[in-house]
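Trainee: what's the 3D shape of this:
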Amino acid sequence: MKTLKQIGLIALLAGAVSFSAAAEEAVACPVNAAQAMYQVSEALPGATTMEQVSNGYNYTTSYAAACPEDAYTQYFVALSFYRLAEKIADPGQQFQLMSAAIDALHVYDAAWENLNRDLIWTMPVEPGNGADITVFTGTKSTSLLESKLVPMVVVFEAGGLFHDIMSGKGQTEESPCPWHRPEMAIAEARGHVIGQDTFVQYYSTGDQLPNIMGSVDRLEFLAAACPNARKAIVFESATLYAHAAETAYEFNIDDSAAGYAADAITQYELFRSLAKNTAADRSKLTLVDNALKRMREMAPETAE
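Mentor: Numbers count the residues shown, from 1 in each chain. Below you'll find the model as predicted:
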């Protein structure tokens, strides 16, 4: 078993959070591991020195290695790695931290069936010190993946750093869904849309459109490999193509706009065939009808 190194953690926020140093010996996952990592994750946004950031990193990697089956600890490990990435300027180090955060979320996700139904983690607080601390890790894990980590993957790809999510490494027609909870697969799909929109906003130029094909391929894989999430992923795929069509249209690249619009139409129609008579689907179908009208303006040869 790997050992927890003597890391001598100082309080990441002076006088606010105290951390005990890990022992220089092989250890099982400590009983209070999730609580310790919660404290690290909460303290990291206030870290002001590289020593504090380095100590936070050592603490996080130590508990990531020591607690591979402790789901809640792994959630806070993922959050801590992301918050560490926010403190680092070097793209290569940021990429490594982002990758470690995604790995930790996979560990968390793999154990979800053993957690309470609502994926709620609670840390009891001493009587008289206020209410117990409650973290809805189910919602927060999907939000972290969708709003932060996958968009980072997309932007890093633009800079030449390719994560497995984009490279397709180990991905075949027989590959299982990489996520156990359908919500995580959907969150990843949404993250690609957010990431590509971010890429469009900050990196696009009028003579070179962003390349969305890495995200396109990943969403196609997720839709096939994750049947319980397929309908929602198809909708996100349609949205991805539609946004790309709008961007190409704004840059007066008509051929690309028409091509992306035609692909969006195919995906929107597929979603319509999968939709059920539920309030959520009916609401999306209204969006689909409006989007289809716009896409057919860009690709008139597809009009019914």
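Trainee: Sketch out the low-pLDDT regions of the stretch 51-200 of the chain for me.
Mentor: The stretch 51-200 of the chain contains residues with pLDDT under 70 at 127-129.
Trainee: check which helix or strand covers the residue nearest to residue 87 when sequence neighbours are not counted.
Mentor: Nearest non-adjacent residue to residue 87, counting by C-beta to C-beta, 6 or more residues apart in numbering: residue 53, 4.9 Å away. Placement of C-beta: from N, CA and C, glycine included. Element membership for residue 53, per DSSP states H and E: helix 50-66.
Trainee: Buried residues of that helix, list them for me.
Mentor: Buried residues in helix 50-66, defined by neighbour count with 16 or more other C-beta atoms under 10 Å: 52-53, 55-64, 66.
Trainee: Now do the helices in the stretch 151-300 of the chain.
Mentor: Here the stretch 151-300 of the chain has its helices, by DSSP state H, counting those that start in this stretch, at 164-167, 182-203, 213-225, 230-250, 254-274, 279-298.
Trainee: can you count the residues close to residue 284?
Mentor: 20 (other C-beta atoms under 10 Å).
Trainee: Distance of it relative to residue 238?
Mentor: 10 Å (C-beta to C-beta, to the nearest Å).
Trainee: Give me the common contacts of the two.
Mentor: residue 271 (C-beta atoms under 8 Å, 6 or more residues apart in numbering).
Trainee: With the flanking residues excluded, which residue is spatially nearest to the spatially most central residue of the chain?
Mentor: Closest to where the C-alpha atoms of the chain average out (C-alpha atoms, centre = their mean) is residue 145, at 1.7 Å. Sequence neighbours aside, residue 187 is the residue nearest to residue 145 in space, at 4.5 Å (criterion: C-beta to C-beta, 6+ apart).
Trainee: same check, this time on residue 268
Mentor: For residue 268, the spatially nearest residue (C-beta to C-beta, 6+ apart) is residue 238, at 4.4 Å.
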